[in-house]
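[1] Predicted coordinates and the sequence they were generated for:
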Amino acid sequence: MSNPVGIVTGGASGIGLALTKHLVAKGYKVVIADTNSQAGEALAAELGPNTHFQQTDVSKYSDQAALFKKAFVWGGNRLDFLAANAGVDDRQNLYDPIINVDANGDPIQLDLTTIEVDLVAVIQGIWLFRHYARQNSKPGGKIVITSSMAGFYAAPINPQYIAAKHALIGLTRSAGKALQTEDITVNCICPGFIVTGLCPEPVLKIFPKEHITPMETALKAYDTFIRDDSMTAQTVELSLDELYYREQAPYASASQKWVMEDAGKIWAQAYISPPKETSYPSIN
Ligand SMILES: NC(=O)c1ccc[n+]([C@@H]2O[C@H](COP(=O)([O-])OP(=O)(O)OC[C@H]3O[C@@H](n4cnc5c(N)ncnc54)[C@H](O)[C@@H]3O)[C@@H](O)[C@H]2O)c1
């Protein structure tokens, strides 16, 4: 039987690098996708023929589409696993005291790279993964998204990052349930502070050791999702040595619960794809 095949975005550094090594040790063939070609090529050379580096900017759809096609063909017409992991922090501060204006006096638009890389690219990744996973000899596969503890908690810094990571929690819980029909699981890891390339050097120097989550905790979470086919729509917070499976917030009222869980028949009339009518028919 051929080796399982995975894509790890942001695989040239930090969590993605550790996961790539881990998957290769478990017998996977891994396509390392990253903007950093120097580090990515070096890693693929170090790990040998069960890895391939593909320079990819996940925020460019054409790059991701080429990545998935390459992975599927290189892997022998199979794609089993996606770690949608590449991420950046905010390139521009929403609360910047200086707002530059153009020649017309209009504010120059805020840099939303974080949303493009950390959120939009993940959604496109799920979209592309579905296309290939359904062509597997046994259709289906597993997706693990990298959200963050910043997906559960708000703080004044990095607001776009926090928005993107919160969105990934909702995306995981929603897509994880919906894609069960295609035998695709979607889960996400939500790490606390792990020492990686994302952490600025001055922060690392002074960051208290007792608040650093070891990389092994992330690998433990990946292993759980890889091993257990029944786990989907799970959002696991990683803190120090522990995995905390987090539930969505309780419903404010029985009515809210009904609207989200039991009103499907009504919503289905509005979201028939492709839309058949502009006015919604009676539900009776
Ligand atoms: N390190 C932490 O404490 C921590 C905590 C919570 C969540 N995370 C998340 O973990 C993920 C991995 O980050 P990390 O901490 O390992 O950082 P890292 O900087 O070490 O690794 C991120 C990798 O993503 C790559 N990358 C950035 N933009 C890309 C793009 N557009 N296309 C492809 N690759 C791109 C970078 O080149 C880098 O190799 C991110 O999503 C991050 O938000 C990290």
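    Arrived safely. Residues are numbered from 1 along each chain as shown.
[2] Do I have it right that Ile145 meets Asn187?
    Yes. Ile145 lies in contact with Asn187 (C-beta atoms under 8 Å); the separation is 7.4 Å. Placement of C-beta: from N, CA and C, glycine included.
[3] dump the residue contacts of Leu43.
    Gly11, Ala12, Leu17, Thr20, Ile32, Thr51, Phe53 (C-beta atoms under 8 Å, 6 or more residues apart in numbering).
[4] Pull out the buried residues from the strand or helix carrying it.
    Secondary structure assignment for Leu43, by DSSP states H and E: helix 37-47. Residues of helix 37-47 classed as buried by neighbour count (16 or more other C-beta atoms under 10 Å): Ala39, Gly40, Leu43, Ala44, Leu47.
[5] ok, of the contacts of Leu43, which one's closest to the ligand?
    Nearest to the ligand out of those is Ala12 (C-beta to the nearest ligand atom; 4.1 Å).
[6] Check the secondary structure at that closest one for me.
    With DSSP: H, G, I helix; E, B strand; the rest coil as the basis, Ala12 sits in coil.
[7] how far away is it from Ser148?
    Separation of Ala12 from Ser148 (C-beta to C-beta, to the nearest Å): 19 Å.
[8] Then Gly6?
    21 Å.
[9] ditto for Ala18
    16 Å.
[10] what does Ala163 give?
    11 Å.
[11] ok, those two, which is more surrounded?
    Ser148 (27 against 19; other C-beta atoms under 10 Å).
[12] What is the three-state secondary structure of Lys7?
    No Lys there; residue 7 is Ile. Per three-state DSSP, Ile7 ends up strand.
[13] Measure how buried it is and give me the count.
    Ile7: 31 neighbours (other C-beta under 10 Å).
[14] now do Gln269
    Neighbourhood size, Gln269 [other C-beta under 10 Å]: 14.
[15] Please apply the same query to Asp228.
    Using other C-beta under 10 Å, Asp228 has 13 other residues around it.
[16] any idea how far Glu247 is from Ala83?
    Counting by C-beta to C-beta, the gap from Glu247 to Ala83 is 23 Å.
[17] which one of these two has more residues nearby?
    Using other C-beta under 10 Å, the more surrounded residue of Glu247 and Ala83 is Ala83, with 27 against 8.
[18] which residue packs closest to that one, ignoring adjacent ones?
    Once flanking residues are discounted, Ala83 sits nearest to Val8: 4.4 Å by C-beta to C-beta, 6 or more residues apart in numbering.
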